[in-house]
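Asker: The amino acid sequence is not available; the structure is as follows:
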């Protein structure tokens, strides 16, 4: 693999050909700066896995070169891997005040807060390292206080956009600093890394204010309680909920741990304005007339243990959804969550609630935080990069982003569609992609990080589909014969009670099989086990069309 | 439960509060007519389950009363359960010629074709049973030859719509017989059962011809091979593919078993017109210039083993997708299939193909076969029912459908939102919902039907998440002590090789635990096993935050 010791190198350890676990690296000579350290949630094929984080092999091997991690914003796919990273590598983390607040929540939970060096920056900061210096620019996104980064290197300037859209009528002060972007572009950008999430969608991302208008309308029409669920970190949307509650004379209760925690950070650090006396505790809800109450809760993605799911099944202690209450889902389901969200909506309708959901123009309870094609083209136009690497997206998104770049003048072979681990080296303003460093998925399962791999997952898959049969044979060492009938135990295969006949036949088959082999003087236990697995596997598949895991155990006495 | 012996009863055994396994029953006195017998695909929580079919308990208990099953159309959620039904109940099946063709394919596969009585009907048929007589009307849907049913009963007429939309410019002859529907409404409809799939979507369903226009356009622009994937059963869409291939002078190859089988049925029974000599075999593809070839294939839902998935990973023997080929996904992903479909699109872009997908107005490669709100209102208006039961949908859809019914004049308490198993009884034109019959999900796993239930699934879930540990103890009967150290085998829990230390400690713990108990003269094996499960479970959760299944096995010698 070979570590280069001169020139500029750029690569991703996560975030390419996937949505999630974003981690990018800019290295100049012996100086490494990391951008973000995200996590990704596993799909259903990764049985029992809790979280996926980037493979950190390269960074561990080059740890003395790492100067800093810059975190662009506080979403899970940008900060979720930080605790696991810090258990291996002690690196100062730079981020804005709000982002640091969310990182601190995470580090407190993992008992890592005290030993970590956290440095607060803003869009006016300038950080000088040995080889590179960094400056920043403000962007709009679905969470406050996002930054894009400029790496000033001896080879030229590298820009990383972070996640962004252009919102010209932002809520609070979350504007896109177009003037500064224009200036950066004017100074010359050697290479741009820009996010690609919505590169397939034409037009411009609607403004967050549109959601606010719809929330206002729903609050005004509501005759009884209003329950609204959204991402806790979307503080600007929360601000609009606060404002709608204020306009309709409602007190606001917060349900769900992350909602309480994040709003606490947002208020304390000045990102959310809530009038004194507006917030009430959940136990106060029932004391007020329903038309004077709004509830802001977690669970907009259908998470089975979050507040909204529990409310929808009337299993949230002390708070009930009653007929004629209004429930608003101010979020679109992330792909993979549709079924859980639908189930909750069904349950809410069953309770007699008036349910408002969907991002279509008529309801309009969600807008994306990621730029559509016109936003992406505007960023490319402002930056005028010589080279371009589309990041943060699956392949089709990167592909469309390349086409957008070409449409606004990036030269045809100057876009690099890379994979995680592919390195783009730039020397004398000439970019080339030739080498690879280790990259991949590291699975977190319980306390274990990286201790579950393909074999364990393959076993889990087989066990999950057809269960297993354990067969215990007790064989006399001296006499070379079974001293009792085999013991058979099955789990996850068939109902033992309904299948006594089948399991009895299994016993007979194994007994005969083993006795025959022993009679032939075959007594290498491995051969016996292989034989049992094969003959029993065939028999069971024929009878049931299932392939349970077969575990023969031989006890010698 | 009590079987009623007079009056009219209507209920669902599947299809309510779900999409899938449709099965409805109309009973008058001692005469039962079944409508459809569908299957449903399991979600990821039903580990290892292949298919879900309705609970047939009520029908088996009343089998001498069943006169017929009428099948409205040939989609899986209406015919998928038929082979399993026929293994328990021998009932004549009535359906149109095309629907019968698809049922015959299924029965041939299950070796049930010879013993089943299949009766061909069309929209002009009239079937007279002892108490009821049946007539039919044509509807438009995404498969040919669909019927709605009118049950003429002594209490009045009951109408079941089947699946439908209104398409005023249908492909082939698949029109909605609005005149006949008007006539039926004019004669008086006591009760309407109407499908609710798209009751949340405003407006009218676009015509199938819109897809044809987009297919034509894509074929004309294509410079090399065209590969198009859609549902085999959507014969009218296939007809439009044939027509686009004809206009652009392309031969057409079919890939995928179900595509070949269904198109064979469609051609032979006169539902699809393909010019002589247009169809070629897959092995002939490479002999022709790419601009003279189109390929129609299965796999539009991302099925991992279907033709499109294999083409997208260059693993379809003898057929390759090359740069500049055009690939069209003429279908929207059904909820739950999005990730698999996205992965295929990514792979196709990686191969350099021009990929056209999505149902948005700009690409427009799919329209629904189910009526939107305006279609549903038109049906309700034509039928003018006294009572209404929204069917075929999840709760929120039924809820919206009720609102639509009220908006066009169905009286407020005359809509019954039922669940599977709820019976609506009508006597003297008065409908009431008071009783329930058995209903639920029957799981098909391999050959087994109904032999996998909650316990097996719960075991599979535990095994899938954290695997298992088998611990074998060999205990001397006479001496009441272990005669060797415990044997430990784990699967799906941790990498055995990386976790030798942990597994050694497990052994020690169990050994000490058992010796202590034996020393206390405790030797009921159940007590020993419970003790091991408890202490080892706690130890492992503490060390790993995982909860593997623990299976202690005691061998007495």
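Answerer: Nice, I can see it. Since the structure is predicted, the reported quantities are computational estimates derived from the model, not experimental observations.
Asker: Up against chain B, what does the stretch 201-350 of chain A have?
Answerer: A:202, A:335, A:336, A:338, A:339, A:342, A:345, A:346, A:347, A:349, A:350 (Cβ under 8 Å from any Cβ of the partner chain). The C-beta positions use only the backbone N, C-alpha and C, and glycine is treated the same way.
Asker: actually the stretch 351-500 of chain A, not the one I wrote
Answerer: So the stretch 351-500 of chain A meets chain B at A:355, A:362, A:394-396, A:399, A:445-448, A:451-453, A:455-457, A:459-461, A:463-468, A:470, A:472, A:474, A:483-484, A:487, A:489, A:491-495, A:498-499 (Cβ under 8 Å from any Cβ).
Asker: Please apply the same query to the stretch 1-150 of chain A.
Answerer: Checking the stretch 1-150 of chain A against chain B by Cβ under 8 Å from any Cβ, the hits are A:17, A:43, A:44, A:47, A:48.
Asker: So the residue of chain A most remote from its centre versus residue A:518, what's the distance?
Answerer: Seen from the C-alpha centroid of chain A, the residue lying at the greatest distance (Cα atoms, centre = their mean) is residue A:479, 59.3 Å away. According to Cβ to Cβ, to the nearest Å, residue A:479 and residue A:518 sit 10 Å apart.
Asker: shared neighbours of these two, which are they?
Answerer: With contacts defined as Cβ atoms under 8 Å, 6 or more residues apart in numbering or on different chains, no residue is shared by residue A:479 and residue A:518.
Asker: burial of residue A:114, as a residue count?
Answerer: 7 (other Cβ atoms under 10 Å in any protein chain shown).
Asker: Which of the three states applies to it?
Answerer: At residue A:114 the chain is in coil, as set by DSSP: H, G, I helix; E, B strand; the rest coil.
Asker: Dihedrals phi and psi, it?
Answerer: phi -60, psi -40 (degrees, to the nearest 10).
Asker: List buried residues within the residues of the stretch 1-150 of chain A next to chain B.
Answerer: Neighbour-count burial (16 or more other Cβ atoms under 10 Å in any protein chain shown) is assigned, among the residues of the stretch 1-150 of chain A next to chain B, to A:17, A:47, A:48.
Asker: Closest to residue A:264 out of those residues?
Answerer: Distances from residue A:264 to those, taken as Cβ to Cβ, are shortest for residue A:48 (32.5 Å).
Asker: who's in contact with that closest one?
Answerer: If you count contacts by Cβ under 8 Å, 6+ apart, then residue A:48 has A:445, A:452, A:460, B:464, B:465, B:466, B:467, B:492, B:546 around it.
Asker: didn't the third one look like it was pressed against residue B:467?
Answerer: Yes. Checked against Cβ atoms under 8 Å, the pair residue A:460 and residue B:467 is within contact range at 5.9 Å.
Asker: residues shared between the contacts of those two?
Answerer: With Cβ under 8 Å, 6+ apart, residue A:460 and residue B:467 have common neighbours A:48, B:492.
Asker: so which strand or helix has residue A:135?
Answerer: Following DSSP states H and E, one finds residue A:135 within strand A:133-139.
Asker: hmm, who's touching the helix or strand following that strand?
Answerer: With elements assigned by DSSP H and E, the helix or strand that comes after strand A:133-139 is strand A:146-153. With Cβ under 8 Å, 6+ apart as the test, strand A:146-153 has contacts from A:8, A:26, A:28, A:33, A:35, A:70, A:72-73, A:95-96, A:121, A:123, A:131-140, A:157-164, A:174, A:181, A:184, A:190.
Asker: Partner strands of the helix or strand following strand A:146-153 and their direction?
Answerer: Sequence-wise, the next helix or strand downstream of strand A:146-153 (DSSP H and E) is strand A:156-160. Taking DSSP bridges as the criterion, strand A:156-160 sits next to strand A:146-153 (antiparallel), strand A:189-195 (parallel) in its sheet.
Asker: Could you export those strands as JSON lines, including distance to residue A:113 and mean pLDDT?
Answerer: Converted to JSON lines, the strands paired with strand A:156-160 look like this (distance: least, Cβ to Cβ, whole Å; pLDDT from 0 to 100):
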{"stretch": "strand A:146-153", "distance to residue A:113": "22", "mean pLDDT": "98"}
{"stretch": "strand A:189-195", "distance to residue A:113": "29", "mean pLDDT": "98"}
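Asker: now those strands as a markdown table including mean neighbour count?
Answerer: Listed next are those as a markdown table, based on neighbours: other Cβ atoms under 10 Å in any protein chain shown:
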| stretch | mean neighbour count |
| --- | --- |
| strand A:146-153 | 25 |
| strand A:189-195 | 25 |
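Asker: I'd like the ones you listed as a markdown table, with distance to residue B:372 appended.
Answerer: Formatted as a markdown table, the strands paired with strand A:156-160 follow (distance: least, Cβ to Cβ, whole Å):
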| stretch | distance to residue B:372 |
| --- | --- |
| strand A:146-153 | 39 |
| strand A:189-195 | 35 |
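Asker: Relative to residue A:220, which of these is closest?
Answerer: Of these, nearest to residue A:220 by Cβ to Cβ is strand A:146-153, at 31.3 Å.
Asker: relative to strand A:133-139, how tilted is the closest one?
Answerer: Per axes from the mean of the first three to the mean of the last three Cα atoms, to 10 degrees, the angle that strand A:146-153 makes with strand A:133-139 is 150 degrees.
Asker: Give me the nearest residue to residue A:379, chain neighbours excluded.
Answerer: residue A:194 (5.6 Å; Cβ to Cβ, 6 or more residues apart in numbering or on different chains).
Asker: and that neighbour, bridged to which residues?
Answerer: residue A:390.
Asker: State the next helix or strand along the chain beyond the helix or strand where residue A:68 lies.
Answerer: Per DSSP H and E, residue A:68 falls inside strand A:66-70. Tracing the chain past strand A:66-70, the next element assigned as helix or strand by DSSP H and E is helix A:76-79.
Asker: average pLDDT across that following helix?
Answerer: The average of the pLDDT scores along helix A:76-79 is 98.
Asker: mind listing what's buried in that helix?
Answerer: A:76, A:77, A:78, A:79.
Asker: OK, now which residue of the stretch 101-250 of chain A is nearest to chain B?
Answerer: For the stretch 101-250 of chain A and chain B, the shortest gap (Cβ to the nearest Cβ) falls at residue A:202, measuring 7.0 Å.
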